[in-house]
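Colleague: Next come a sequence and a model predicted from it.
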Amino acid sequence: MRKIVIIILTFSFFAFAACAKKEDQKGPYLAEVGNVKITQADLKRELKNLPEFAQKLFEGSSGKERFLDELVKKELLYQEAVKKGLDKDPEFRSKVEDFKKITLIGQLLEKEIELKTQVTDQDVKDYYEKNKEDFADITQIRASHILVRTEGEAKKILERLKKGEDFAKIARDNSIDTGSAKNGGELGFFSSGQMVPEFERAAARLKVGELSEPVKTQFGYHIIKVTDKKAGKPLEFKEVQNLIFQRLTAEKQKAFFDSYIEGLKKSYKVEINRDALSKLSSGEEEKEGIQEEPKKSEESKEIPR
């Protein structure tokens, strides 16, 4: 029963969303519910606005008949809800206002941002040519590490390194991986599968010369420093074209959005009630609205070498 209700509500939602797009209501009516006629144009419009995967569920004459049945169910439920006065319920009105707000925001963003942040084919091609190395698989990584037993030790060592102390000296004096410690923490080049997964993932994310945060593995806590990377042949442009387009679009839209919001802040008065916010954050406001109730009676991979 619950599954049936979910299916009905799901298609009802799609139909409700589709109602936002009004089209000509010409054509013979297909069903009548109370005083409301569901026309051929209604069915075509609402079916067209379903997600593509859902449209396929209603292909053919039998599919159209099943979809019409969904529209009849929607109208029956709607008319019963109105009959019970639920359209006057404050919670419903609040949800309608929220829906209106979200819809208007979506239209504004589409008009002001999406249409003004188009990424061209040339933009994508230029980005690829300037950043080819980013689209090459890393075949080998050269790194050094300092291995200690606790996270606290690792954090202290990281602070020393950030202050400029010599990595090799600290490795020789502190690393419990004695094999690499005598070489200043040097591990040499390694390929995928030669180190424990946590170590490899951390090293792969680092740029040459960067230090990692403490990395926990079965052997302890590592501070990793990548000193070199060997890259293979870059992927062909057509293999990464869509990825670059998505990346550039997201970056361009974010930059434009941030700038747009800053502009709006200069046009509208925005005031933050810091006092109320601090009370909310500390939970004081919630405590003020709660009266205290009477108390009740008690009732194995290779170790980085």
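Modeller: Everything's here; your move.

Colleague: Remind me what the strand or helix carrying Leu243 packs against, helices and strands.
Modeller: Taking DSSP states H and E as the criterion, Leu243 maps to helix 237-267. Packing partners of helix 237-267 (3 or more CB pairs under 8 Å, 6 or more residues apart in numbering; DSSP states H and E): helix 121-130. (Glycine included, C-beta is placed from N, CA and C.)

Colleague: Give me the sheet partners of the following helix or strand past the helix it packs on and which way each runs.
Modeller: Next helix or strand after helix 121-130 toward the C-terminus (DSSP H and E): strand 136-148. If you go by DSSP bridges, strand 136-148 pairs up with strand 186-190 (antiparallel), strand 220-234 (antiparallel).

Colleague: What mean pLDDT does the first one get?
Modeller: Average pLDDT, strand 186-190: 95.

Colleague: want to throw the strands paired with strand 136-148 into CSV with distance to Arg274 and mean neighbour count?
Modeller: Shown next, in CSV, are these (distance: least, CB to CB, whole Å; neighbours: other CB atoms under 10 Å):
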stretch, distance to Arg274, mean neighbour count
strand 186-190, 51, 17
strand 220-234, 40, 19
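
Colleague: any weak-confidence spans in this structure?
Modeller: Low-confidence segments of the chain (pLDDT under 70): 1-27, 283-305.

Colleague: how's it carved up into domains?
Modeller: 2-88, 136-234 (automatic domain parsing).

Colleague: Tell me which of those domains sits most buried.
Modeller: Comparing the domains of the chain by mean neighbour count (mean count of other CB atoms under 10 Å), domain 136-234 ranks first with a mean of 17.

Colleague: Any idea how far apart the tips of that domain sit?
Modeller: Domain 136-234 has its terminal residues 4 Å apart, counting by CA to CA, to the nearest Å.

Colleague: again with stretch 48-66
Modeller: Stretch 48-66: ends 15 Å apart by CA to CA.

Colleague: cool, stretch 77-92 as well?
Modeller: End-to-end distance (CA to CA), stretch 77-92: 15 Å.

Colleague: so Asp228 sits right up against Val208, yeah?
Modeller: Yes: between Asp228 and Val208 there is a contact under CB atoms under 8 Å: 6.1 Å.

Colleague: hey, what's in contact with both of the two?
Modeller: Common contacts of Asp228 and Val208 (CB atoms under 8 Å, 6 or more residues apart in numbering): none found.

Colleague: hmm, back to that, among the strands paired with strand 136-148, which comes closest to Tyr128?
Modeller: Between Tyr128 and the strands paired with strand 136-148, the tightest spacing by CB to CB is seen for strand 220-234, at 8.7 Å.

Colleague: quick one: the closest one to helix 121-130, angle?
Modeller: 120 degrees (axes from the mean of the first three to the mean of the last three CA atoms, to 10 degrees).

Colleague: Just want the angle from strand 220-234 to helix 237-267.
Modeller: 120 degrees.

Colleague: Tell me how far strand 220-234 lies from the chain's centre.
Modeller: Using CA atoms, centre = their mean, to the nearest Å, the mean C-alpha position of strand 220-234 is found 27 Å from that of the whole chain.

Colleague: on that earlier part again, tabulate the domains of the chain (a markdown table), appending distance to Ser278.
Modeller: Below are these laid out as a markdown table (distance: least, CB to CB, whole Å):
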| stretch | distance to Ser278 |
| --- | --- |
| domain 2-88 | 38 |
| domain 136-234 | 31 |
